[in-house]
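Novice: got a structure for you, letters missing:
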(Lines give C-alpha, C1' and ligand atoms only; values in the text may rest on other atoms or scores of the structure.)
Protein backbone atom coordinates (compact mmCIF):
# COMPACT_ATOMS: atom_id res chain seq x y z
CA UNK A 1 0.00 0.00 0.00
CA UNK A 2 1.41 3.38 -1.03
CA UNK A 3 2.12 5.88 1.73
CA UNK A 4 2.61 9.58 1.00
CA UNK A 5 4.66 12.26 2.74
CA UNK A 6 3.77 15.94 2.40
CA UNK A 7 6.13 18.69 3.53
CA UNK A 8 4.42 21.86 4.75
CA UNK A 9 6.24 25.21 4.69
CA UNK A 10 3.93 27.69 6.49
CA UNK A 11 4.62 31.39 6.94
CA UNK A 12 5.72 31.60 10.61
CA UNK A 13 3.18 34.05 12.05
CA UNK A 14 0.21 32.87 14.12
CA UNK A 15 -2.49 33.80 11.60
CA UNK A 16 -0.84 31.71 8.87
CA UNK A 17 0.85 28.91 10.80
CA UNK A 18 -2.11 27.83 12.92
CA UNK A 19 -4.49 27.35 9.99
CA UNK A 20 -1.76 25.49 8.02
CA UNK A 21 -1.17 23.06 10.90
CA UNK A 22 -4.92 22.61 11.43
CA UNK A 23 -5.40 21.67 7.76
CA UNK A 24 -2.45 19.27 8.09
CA UNK A 25 -4.21 17.59 11.02
CA UNK A 26 -7.41 17.40 8.99
CA UNK A 27 -5.58 15.69 6.11
CA UNK A 28 -4.00 13.15 8.46
CA UNK A 29 -7.34 12.37 10.05
CA UNK A 30 -8.85 11.91 6.61
CA UNK A 31 -6.32 9.38 5.23
CA UNK A 32 -4.10 7.10 7.33
CA UNK A 33 -1.67 6.67 4.41
CA UNK A 34 -0.50 10.28 4.76
CA UNK A 35 2.39 11.62 6.86
CA UNK A 36 3.21 15.31 7.20
CA UNK A 37 6.39 17.15 8.18
CA UNK A 38 6.04 20.86 9.01
CA UNK A 39 9.16 22.97 8.51
CA UNK A 40 9.33 25.98 10.85
CA UNK A 41 11.12 29.02 9.46
CA UNK A 42 12.07 31.46 12.18
CA UNK A 43 11.22 35.13 11.77
CA UNK A 44 12.69 37.83 14.04
CA UNK A 45 9.16 38.70 15.20
CA UNK A 46 8.26 35.14 16.17
CA UNK A 47 6.87 34.99 19.68
CA UNK A 48 6.42 32.36 22.36
CA UNK A 49 2.78 31.82 21.37
CA UNK A 50 3.90 30.02 18.20
CA UNK A 51 6.12 27.65 20.16
CA UNK A 52 3.40 27.13 22.76
CA UNK A 53 0.90 26.32 20.01
CA UNK A 54 3.25 23.77 18.38
CA UNK A 55 3.88 22.13 21.76
CA UNK A 56 0.13 21.95 22.43
CA UNK A 57 -0.41 20.28 19.02
CA UNK A 58 2.30 17.73 19.79
CA UNK A 59 0.76 17.05 23.23
CA UNK A 60 -2.85 16.77 22.06
CA UNK A 61 -2.37 14.91 18.77
CA UNK A 62 -1.19 11.63 20.24
CA UNK A 63 -3.15 9.64 17.66
CA UNK A 64 -1.34 11.52 14.88
CA UNK A 65 2.04 11.90 16.57
CA UNK A 66 3.78 9.24 14.53
CA UNK A 67 2.57 10.89 11.29
CA UNK A 68 2.93 14.59 12.17
CA UNK A 69 6.29 16.11 13.05
CA UNK A 70 7.84 19.54 13.22
CA UNK A 71 11.38 20.47 12.20
CA UNK A 72 12.90 23.82 13.21
CA UNK A 73 15.10 25.16 10.43
CA UNK A 74 18.34 27.03 11.27
CA UNK A 75 17.67 30.48 12.66
CA UNK A 76 18.18 33.37 10.24
CA UNK A 77 20.20 36.02 12.07
CA UNK A 78 20.02 38.54 9.20
CA UNK A 79 17.97 41.69 9.60
CA UNK A 80 14.55 41.26 8.02
CA UNK A 81 14.56 43.92 5.30
CA UNK A 82 12.03 42.19 3.06
CA UNK A 83 10.31 38.82 2.85
CA UNK A 84 11.62 38.01 -0.65
CA UNK A 85 15.22 37.97 0.58
CA UNK A 86 14.16 36.04 3.71
CA UNK A 87 12.73 33.20 1.61
CA UNK A 88 15.69 33.25 -0.76
CA UNK A 89 18.10 32.78 2.18
CA UNK A 90 15.96 29.92 3.53
CA UNK A 91 15.75 27.96 0.26
CA UNK A 92 18.96 25.93 0.93
CA UNK A 93 17.69 25.09 4.45
CA UNK A 94 14.35 23.87 3.09
CA UNK A 95 16.11 21.88 0.36
CA UNK A 96 18.44 20.22 2.89
CA UNK A 97 15.51 19.32 5.17
CA UNK A 98 13.56 17.79 2.26
CA UNK A 99 16.67 15.88 1.16
CA UNK A 100 17.01 14.34 4.63
CA UNK A 101 13.34 13.35 4.54
CA UNK A 102 13.76 11.61 1.17
CA UNK A 103 16.95 9.88 2.33
CA UNK A 104 15.12 8.48 5.35
CA UNK A 105 12.53 6.91 3.03
CA UNK A 106 14.69 3.84 2.65
CA UNK A 107 12.36 0.95 3.49
CA UNK A 108 9.52 -0.33 1.35
CA UNK A 109 7.00 0.78 4.00
CA UNK A 110 8.35 4.36 4.22
CA UNK A 111 6.08 7.10 2.86
CA UNK A 112 7.24 8.60 -0.44
CA UNK A 113 7.51 12.36 -0.95
CA UNK A 114 4.28 13.38 -2.71
CA UNK A 115 4.61 17.16 -2.68
CA UNK A 116 5.26 20.42 -0.86
CA UNK A 117 2.41 22.45 0.64
CA UNK A 118 3.46 26.11 0.76
CA UNK A 119 2.00 29.22 2.33
CA UNK A 120 0.79 31.85 -0.16
CA UNK A 121 3.89 33.94 0.72
CA UNK A 122 6.33 31.01 0.52
CA UNK A 123 6.03 30.51 -3.26
CA UNK A 124 9.84 30.75 -3.83
CA UNK A 125 9.95 27.22 -2.34
CA UNK A 126 8.21 25.96 -5.51
CA UNK A 127 11.78 25.78 -6.88
CA UNK A 128 12.66 23.25 -4.16
CA UNK A 129 9.69 21.05 -5.10
CA UNK A 130 10.76 21.26 -8.76
CA UNK A 131 14.30 20.17 -7.81
CA UNK A 132 12.84 16.99 -6.26
CA UNK A 133 10.42 16.41 -9.13
CA UNK A 134 7.29 16.62 -6.96
CA UNK A 135 4.26 18.91 -7.27
CA UNK A 136 3.63 22.03 -5.20
CA UNK A 137 0.38 22.96 -3.54
CA UNK A 138 -0.49 26.31 -1.97
CA UNK A 139 -2.32 26.67 1.32
CA UNK A 140 -4.01 30.06 1.00
CA UNK A 141 -5.05 31.16 4.52
CA UNK A 142 -7.16 34.06 3.19
CA UNK A 143 -10.45 33.97 1.30
CA UNK A 144 -11.15 32.86 -2.27
CA UNK A 145 -12.15 36.37 -3.35
CA UNK A 146 -8.81 37.79 -2.24
CA UNK A 147 -6.97 35.06 -4.16
CA UNK A 148 -8.98 36.05 -7.23
CA UNK A 149 -8.21 39.72 -6.64
CA UNK A 150 -4.46 39.08 -6.32
CA UNK A 151 -4.50 37.20 -9.63
CA UNK A 152 -6.59 39.97 -11.24
CA UNK A 153 -4.15 42.72 -10.20
CA UNK A 154 -1.12 40.65 -11.30
CA UNK A 155 -2.63 39.84 -14.72
CA UNK A 156 -3.56 43.49 -15.35
CA UNK A 157 -0.13 44.63 -14.17
CA UNK A 158 1.74 42.22 -16.43
CA UNK A 159 -0.45 42.45 -19.52
CA UNK A 160 -1.65 46.07 -19.46
CA UNK A 161 1.01 47.79 -17.30
CA UNK A 162 -1.64 48.44 -14.64
CA UNK A 163 -0.15 50.22 -11.61
CA UNK A 164 -2.44 49.89 -8.56
CA UNK A 165 -0.47 52.62 -6.74
CA UNK A 166 -1.95 55.25 -9.08
CA UNK A 167 -5.39 54.58 -7.55
CA UNK A 168 -4.29 55.35 -4.01
CA UNK A 169 -6.29 58.58 -3.69
CA UNK A 170 -8.94 57.98 -6.38
CA UNK A 171 -12.59 56.95 -6.29
CA UNK A 172 -12.20 54.54 -9.23
CA UNK A 173 -14.20 51.32 -9.11
CA UNK A 174 -12.78 48.09 -10.55
CA UNK A 175 -14.83 45.31 -12.14
CA UNK A 176 -13.28 42.10 -10.84
CA UNK A 177 -14.42 38.64 -11.98
CA UNK A 178 -14.28 37.16 -8.48
CA UNK A 179 -16.62 39.86 -7.09
CA UNK A 180 -20.28 40.44 -7.88
CA UNK A 181 -20.00 44.13 -6.92
CA UNK A 182 -17.68 46.88 -8.26
CA UNK A 183 -14.61 47.17 -6.04
CA UNK A 184 -13.52 50.67 -4.86
CA UNK A 185 -9.79 51.02 -5.55
CA UNK A 186 -9.32 53.09 -2.38
CA UNK A 187 -9.85 49.98 -0.21
CA UNK A 188 -7.18 48.00 -2.03
CA UNK A 189 -4.86 46.20 0.42
CA UNK A 190 -2.17 48.62 1.59
CA UNK A 191 0.61 46.31 0.36
CA UNK A 192 -0.71 46.75 -3.19
CA UNK A 193 -0.46 50.51 -2.82
CA UNK A 194 3.13 50.35 -1.61
CA UNK A 195 5.94 50.23 -4.19
CA UNK A 196 8.23 48.21 -1.88
CA UNK A 197 5.66 45.51 -1.08
CA UNK A 198 3.78 45.26 -4.38
CA UNK A 199 6.49 43.21 -6.23
CA UNK A 200 6.32 40.42 -3.60
CA UNK A 201 2.53 40.11 -3.98
CA UNK A 202 2.76 40.16 -7.77
CA UNK A 203 5.40 37.43 -7.73
CA UNK A 204 3.31 35.32 -5.33
CA UNK A 205 0.33 35.63 -7.69
CA UNK A 206 2.43 34.65 -10.73
CA UNK A 207 3.76 31.58 -9.01
CA UNK A 208 0.32 30.53 -7.74
CA UNK A 209 -0.44 29.80 -11.39
CA UNK A 210 2.34 27.16 -11.48
CA UNK A 211 1.10 24.85 -8.73
CA UNK A 212 -0.89 21.61 -8.85
CA UNK A 213 -3.61 22.93 -6.55
CA UNK A 214 -4.55 25.72 -4.13
CA UNK A 215 -6.28 24.95 -0.84
CA UNK A 216 -8.32 28.00 0.20
CA UNK A 217 -9.45 28.56 3.79
CA UNK A 218 -13.04 29.17 2.77
CA UNK A 219 -16.18 27.27 1.81
CA UNK A 220 -18.55 27.21 -1.12
CA UNK A 221 -21.59 28.42 0.83
CA UNK A 222 -19.73 31.59 1.91
CA UNK A 223 -17.88 32.55 -1.28
CA UNK A 224 -19.76 30.77 -4.06
CA UNK A 225 -19.33 33.60 -6.59
CA UNK A 226 -15.58 33.85 -6.05
CA UNK A 227 -14.99 30.07 -6.02
CA UNK A 228 -17.01 29.53 -9.18
CA UNK A 229 -15.03 32.30 -10.93
CA UNK A 230 -11.90 30.08 -11.05
CA UNK A 231 -12.31 28.43 -14.43
CA UNK A 232 -8.81 27.06 -15.03
CA UNK A 233 -7.07 27.28 -11.62
CA UNK A 234 -7.36 24.10 -9.46
CA UNK A 235 -8.85 25.61 -6.27
CA UNK A 236 -9.96 23.46 -3.32
CA UNK A 237 -12.19 25.30 -0.80
CA UNK A 238 -11.55 23.23 2.35
CA UNK A 239 -12.45 25.67 5.14
CA UNK A 240 -13.29 26.97 7.59
CA UNK A 241 -9.97 25.78 9.05
CA UNK A 242 -9.94 27.02 12.65
CA UNK A 243 -8.39 26.20 15.98
CA UNK A 244 -11.36 26.67 18.30
CA UNK A 245 -10.81 23.69 20.61
CA UNK A 246 -9.00 25.60 23.36
CA UNK A 247 -11.68 27.39 25.36
CA UNK A 248 -9.33 29.69 27.28
CA UNK A 249 -11.42 29.43 30.46
CA UNK A 250 -8.72 27.98 32.65
CA UNK A 251 -6.03 30.47 31.64
CA UNK A 252 -8.31 33.53 31.54
CA UNK A 253 -10.67 32.81 34.39
CA UNK A 254 -11.35 36.49 35.22
CA UNK A 255 -12.46 37.36 31.68
CA UNK A 256 -14.77 34.35 31.42
CA UNK A 257 -16.26 34.93 34.87
CA UNK A 258 -16.99 38.55 33.94
CA UNK A 259 -18.75 37.39 30.76
CA UNK A 260 -20.74 34.82 32.80
CA UNK A 261 -22.29 37.76 34.69
CA UNK A 262 -23.49 39.59 31.53
CA UNK A 263 -26.85 39.09 29.75
CA UNK A 264 -26.98 37.07 26.53
CA UNK A 265 -25.73 38.91 23.40
CA UNK A 266 -25.24 42.16 25.37
CA UNK A 267 -21.45 42.64 25.10
CA UNK A 268 -19.52 44.24 22.24
CA UNK A 269 -16.04 42.71 22.02
CA UNK A 270 -13.21 44.85 20.57
CA UNK A 271 -10.06 43.05 19.47
CA UNK A 272 -7.66 43.85 16.62
CA UNK A 273 -5.55 40.74 16.14
CA UNK A 274 -2.06 39.67 17.13
CA UNK A 275 -0.48 42.75 15.49
CA UNK A 276 -3.23 45.28 16.22
CA UNK A 277 -2.62 48.32 18.42
CA UNK A 278 -3.47 52.03 18.45
CA UNK A 279 -1.86 55.30 19.47
CA UNK A 280 -3.17 57.14 22.52
CA UNK A 281 -5.33 59.61 20.52
CA UNK A 282 -7.21 56.79 18.80
CA UNK A 283 -7.72 54.91 22.07
CA UNK A 284 -9.40 58.02 23.51
CA UNK A 285 -11.83 58.16 20.56
CA UNK A 286 -12.72 54.48 21.07
CA UNK A 287 -13.20 55.05 24.81
CA UNK A 288 -15.44 58.04 24.11
CA UNK A 289 -17.58 55.96 21.68
CA UNK A 290 -17.95 53.08 24.12
CA UNK A 291 -18.95 55.36 26.97
CA UNK A 292 -21.48 57.29 24.84
CA UNK A 293 -23.01 54.14 23.36
CA UNK A 294 -23.84 52.73 26.77
CA UNK A 295 -23.31 49.15 25.58
CA UNK A 296 -21.50 46.60 27.70
CA UNK A 297 -18.00 46.06 26.33
CA UNK A 298 -14.91 43.87 26.57
CA UNK A 299 -11.94 45.72 25.03
CA UNK A 300 -8.48 44.31 24.27
CA UNK A 301 -5.99 47.21 24.54
CA UNK A 302 -2.38 46.55 23.45
CA UNK A 303 0.79 48.66 23.60
CA UNK A 304 2.24 49.41 20.13
CA UNK A 305 5.86 48.33 19.51
CA UNK A 306 8.46 51.14 19.44
CA UNK A 307 8.45 53.17 16.17
CA UNK A 308 10.32 51.39 13.37
CA UNK A 309 10.62 48.11 15.30
CA UNK A 310 9.16 44.95 13.77
CA UNK A 311 7.54 43.34 16.80
CA UNK A 312 4.19 42.26 18.19
CA UNK A 313 2.24 44.59 20.50
CA UNK A 314 2.50 43.89 24.21
CA UNK A 315 0.21 44.33 27.20
CA UNK A 316 0.16 47.50 29.29
CA UNK A 317 1.03 47.10 32.94
CA UNK A 318 -1.73 49.63 33.59
CA UNK A 319 -4.06 50.40 30.63
CA UNK A 320 -5.57 53.32 32.57
CA UNK A 321 -2.45 55.37 31.74
CA UNK A 322 -3.53 55.62 28.07
CA UNK A 323 -7.31 55.92 28.60
CA UNK A 324 -9.27 59.11 29.37
CA UNK A 325 -9.17 60.19 32.98
CA UNK A 326 -11.98 58.60 34.97
CA UNK A 327 -13.05 56.33 32.08
CA UNK A 328 -12.53 53.10 34.01
CA UNK A 329 -14.47 54.36 37.03
CA UNK A 330 -17.38 55.69 34.92
CA UNK A 331 -17.71 52.45 32.94
CA UNK A 332 -16.90 49.98 35.73
CA UNK A 333 -20.48 48.65 35.80
CA UNK A 334 -20.64 47.87 32.07
CA UNK A 335 -17.11 47.40 30.74
CA UNK A 336 -13.86 45.53 31.12
CA UNK A 337 -10.48 46.50 29.61
CA UNK A 338 -8.05 43.61 29.09
CA UNK A 339 -4.72 42.91 27.40
CA UNK A 340 -4.24 39.93 25.10
CA UNK A 341 -7.56 38.18 24.52
CA UNK A 342 -8.43 34.47 24.09
CA UNK A 343 -10.48 35.46 21.05
CA UNK A 344 -12.15 32.15 20.15
CA UNK A 345 -13.19 31.51 23.76
CA UNK A 346 -14.70 34.99 24.02
CA UNK A 347 -16.58 34.75 20.69
CA UNK A 348 -17.95 31.38 21.83
CA UNK A 349 -19.47 32.93 24.97
CA UNK A 350 -23.23 33.58 24.76
CA UNK A 351 -22.86 37.04 26.35
CA UNK A 352 -20.99 38.38 23.27
CA UNK A 353 -23.35 40.04 20.79
CA UNK A 354 -20.95 41.87 18.47
CA UNK A 355 -17.30 41.97 17.45
CA UNK A 356 -15.35 45.09 16.43
CA UNK A 357 -12.61 43.43 14.39
CA UNK A 358 -9.58 44.13 12.19
CA UNK A 359 -11.03 41.59 9.71
CA UNK A 360 -8.10 39.23 9.60
CA UNK A 361 -9.51 36.23 7.70
CA UNK A 362 -9.17 33.86 10.68
CA UNK A 363 -11.14 36.34 12.80
CA UNK A 364 -13.81 36.63 10.09
CA UNK A 365 -14.19 32.83 9.99
CA UNK A 366 -14.25 32.59 13.80
CA UNK A 367 -16.98 35.23 14.05
CA UNK A 368 -19.08 33.38 11.46
CA UNK A 369 -18.44 30.02 13.17
CA UNK A 370 -19.78 31.39 16.46
CA UNK A 371 -22.53 33.48 14.81
CA UNK A 372 -21.25 36.85 16.09
CA UNK A 373 -21.71 39.84 13.72
CA UNK A 374 -18.71 42.05 12.91
CA UNK A 375 -18.14 45.79 12.69
CA UNK A 376 -15.17 46.19 10.35
CA UNK A 377 -12.04 48.15 11.24
CA UNK A 378 -9.21 46.81 9.05
CA UNK A 379 -5.59 47.56 9.93
CA UNK A 380 -3.06 45.90 7.58
CA UNK A 381 -2.55 43.02 5.11
CA UNK A 382 -5.61 42.20 3.01
CA UNK A 383 -8.00 43.31 5.75
CA UNK A 384 -9.45 46.29 3.83
CA UNK A 385 -10.44 43.86 1.08
CA UNK A 386 -11.96 41.47 3.65
CA UNK A 387 -13.95 44.35 5.15
CA UNK A 388 -15.36 45.26 1.73
CA UNK A 389 -16.27 41.63 1.07
CA UNK A 390 -18.02 41.22 4.43
CA UNK A 391 -19.95 44.53 4.29
CA UNK A 392 -20.77 45.01 0.59
CA UNK A 393 -20.24 41.69 -1.18
CA UNK A 394 -21.73 39.31 1.42
CA UNK A 395 -23.85 41.61 3.61
CA UNK A 396 -22.57 39.92 6.77
CA UNK A 397 -21.01 42.91 8.59
CA UNK A 398 -21.39 46.63 9.27
CA UNK A 399 -18.73 49.24 8.63
CA UNK A 400 -16.82 51.41 11.05
CA UNK A 401 -14.04 52.45 8.65
CA UNK A 402 -13.42 50.27 5.61
CA UNK A 403 -10.43 52.15 4.21
CA UNK A 404 -8.50 52.53 7.48
CA UNK A 405 -4.95 51.23 7.56
CA UNK A 406 -2.24 51.43 10.22
CA UNK A 407 0.09 53.28 7.87
CA UNK A 408 -2.48 55.94 6.90
CA UNK A 409 -2.06 58.00 10.07
CA UNK A 410 -5.81 58.73 10.15
CA UNK A 411 -7.82 58.87 13.36
CA UNK A 412 -11.38 57.52 13.36
CA UNK A 413 -13.53 59.84 15.42
CA UNK A 414 -15.81 58.98 18.32
CA UNK A 415 -19.05 59.56 16.36
CA UNK A 416 -18.10 57.16 13.54
CA UNK A 417 -17.14 54.45 16.02
CA UNK A 418 -20.30 54.92 18.10
CA UNK A 419 -22.48 54.78 14.96
CA UNK A 420 -20.84 51.50 13.94
CA UNK A 421 -21.26 49.98 17.41
CA UNK A 422 -24.94 50.93 17.58
CA UNK A 423 -25.56 49.45 14.13
CA UNK A 424 -23.69 46.28 15.14
CA UNK A 425 -25.64 45.72 18.35
CA UNK A 426 -29.18 46.05 16.96
CA UNK A 427 -30.80 42.85 18.17
CA UNK A 428 -33.32 42.44 15.34
CA UNK A 429 -31.03 43.33 12.44
CA UNK A 430 -31.17 41.41 9.17
CA UNK A 431 -27.40 40.98 9.30
CA UNK A 432 -27.57 39.24 12.66
CA UNK A 433 -29.98 36.68 11.19
CA UNK A 434 -27.76 36.18 8.11
CA UNK A 435 -24.69 35.65 10.32
CA UNK A 436 -26.54 32.99 12.37
CA UNK A 437 -27.53 31.19 9.16
CA UNK A 438 -23.94 31.31 7.87
CA UNK A 439 -22.75 29.95 11.22
CA UNK A 440 -24.87 26.85 10.71
CA UNK A 441 -23.62 26.43 7.13
CA UNK A 442 -19.95 26.81 8.20
CA UNK A 443 -20.33 23.90 10.63
CA UNK A 444 -22.19 21.67 8.15
CA UNK A 445 -19.59 22.06 5.41
CA UNK A 446 -16.89 20.10 7.30
CA UNK A 447 -18.94 17.04 8.23
CA UNK A 448 -19.26 14.01 5.96
CA UNK A 449 -21.12 15.00 2.79
CA UNK A 450 -20.45 18.73 3.29
CA UNK A 451 -18.87 20.75 0.48
CA UNK A 452 -15.45 21.23 2.15
CA UNK A 453 -15.38 17.59 3.24
CA UNK A 454 -15.83 16.57 -0.40
CA UNK A 455 -13.21 19.03 -1.69
CA UNK A 456 -10.68 17.76 0.86
CA UNK A 457 -11.36 14.22 -0.35
CA UNK A 458 -10.61 15.29 -3.92
CA UNK A 459 -7.33 16.82 -2.78
CA UNK A 460 -6.29 13.62 -0.98
CA UNK A 461 -7.11 11.62 -4.10
CA UNK A 462 -4.95 13.98 -6.17
CA UNK A 463 -2.00 13.64 -3.76
CA UNK A 464 -2.20 9.85 -3.75
CA UNK A 465 -2.49 9.77 -7.54
CA UNK A 466 0.92 11.51 -7.68
CA UNK A 467 2.48 8.29 -6.41
CA UNK A 468 1.14 6.04 -9.14
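Specialist: Ah, there it is. Just so we're clear, the structure is a prediction, and the values are computed from it rather than from any experiment.

Novice: flag every buried residue along stretch 178-191.
Specialist: 178-179, 183-191 (16 or more other CB atoms under 10 Å). C-betas here are computed from N, CA, C, even on glycine.

Novice: so which of the residues you listed is the closest to residue 157?
Specialist: residue 188 (12.4 Å; CB to CB).

Novice: of all the buried residues of stretch 178-191, which two lie farthest apart?
Specialist: The distance between the two most remote of those (CB to CB) is 19.7 Å, for 178 and 190.

Novice: quick one: buried residues of stretch 348-366?
Specialist: 348-349, 351-366.

Novice: neighbours around residue 74, how many?
Specialist: 13 (other CB atoms under 10 Å).

Novice: next: residue 208.
Specialist: Using other CB under 10 Å, the number of residues around residue 208 comes to 22.

Novice: the closest residue in space to it that isn't next to it in sequence: which element?
Specialist: The shortest distance from residue 208 to any non-neighbouring residue, by CB to CB, 6 or more residues apart in numbering, is to residue 138 (5.8 Å). According to DSSP states H and E, residue 138 maps onto strand 136-140.

Novice: point out the other helices and strands that that strand packs with.
Specialist: Where contact means 3 or more CB pairs under 8 Å, 6 or more residues apart in numbering; DSSP states H and E, strand 136-140 is packed against helix 14-30, strand 112-119, helix 126-131, strand 213-216.

Novice: and the ones you listed: which comes nearest residue 316?
Specialist: Nearest to residue 316, of all the helices and strands packed on strand 136-140, is helix 14-30, at 20.5 Å by CB to CB.

Novice: next, the angle strand 136-140 makes with the closest one.
Specialist: 120 degrees (axes from the mean of the first three to the mean of the last three CA atoms, to 10 degrees).

Novice: what's the closest non-adjacent residue to residue 292?
Specialist: Nearest residue to residue 292 in three dimensions, chain neighbours excluded: residue 418, at 5.2 Å (CB to CB, 6+ apart).

Novice: residue ranges with poor pLDDT in this protein?
Specialist: Low-confidence segments of the chain (pLDDT under 70): 1, 44-47, 61-63, 77-82, 105-108, 169, 246-251, 308-310, 427-428, 468.

Novice: tell me the domain ranges of it?
Specialist: Using automatic domain parsing, the domain ranges for the chain come out as 4-146+197-239+445-465, 253-442.

Novice: between the buried residues of stretch 178-191, which is nearest residue 92?
Specialist: Nearest to residue 92, judged by CB to CB, of the buried residues of stretch 178-191 is residue 191 at 26.9 Å.

Novice: buried ones in stretch 112-123?
Specialist: Buried residues in stretch 112-123, counted by 16+ other CB under 10 Å: 113-123.

Novice: tabulate the residues you listed (JSON lines), appending distance to residue 70.
Specialist: As requested, the buried residues of stretch 112-123 are arranged in JSON lines below (distance: CB to CB, whole Å):
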{"residue": "113", "distance to residue 70": "17"}
{"residue": "114", "distance to residue 70": "19"}
{"residue": "115", "distance to residue 70": "18"}
{"residue": "116", "distance to residue 70": "16"}
{"residue": "117", "distance to residue 70": "14"}
{"residue": "118", "distance to residue 70": "16"}
{"residue": "119", "distance to residue 70": "15"}
{"residue": "120", "distance to residue 70": "20"}
{"residue": "121", "distance to residue 70": "19"}
{"residue": "122", "distance to residue 70": "16"}
{"residue": "123", "distance to residue 70": "22"}
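
Novice: out of those residues, which comes closest to residue 380?
Specialist: Among the buried residues of stretch 112-123, residue 121 lies closest to residue 380 (CB to CB), at 13.9 Å.

Novice: Provide the secondary structure category for the closest one.
Specialist: For residue 121, the assignment made with DSSP: H, G, I helix; E, B strand; the rest coil gives coil.

Novice: neighbours of the residue nearest to it when sequence neighbours are not counted, how many?
Specialist: Of all residues not flanking residue 121 in the chain, residue 11 sits nearest, at 4.8 Å (CB to CB, 6+ apart). By the measure other CB under 10 Å, the count of residues near residue 11 is 19.

Novice: what distance do you get for residue 11 to residue 90?
Specialist: 11 Å (CB to CB, to the nearest Å).

Novice: got any residues that touch both of these two?
Specialist: Common neighbours of residue 11 and residue 90, using CB atoms under 8 Å, 6 or more residues apart in numbering, are residue 41.

Novice: which parts of the stretch 251-400 of the chain are helices?
Specialist: If DSSP state H, counting those that start in this stretch is used as the criterion, the helices of the stretch 251-400 of the chain fall at 253-260, 280-293, 327-330, 343-347, 361-369, 383-388.

Novice: how about those helices, which one is nearest residue 144?
Specialist: helix 361-369 (10.4 Å).

Novice: from the chain's centroid, how far away is that closest one?
Specialist: On the basis of CA atoms, centre = their mean, to the nearest Å, helix 361-369 is displaced by 9 Å from the centre of the chain it belongs to.
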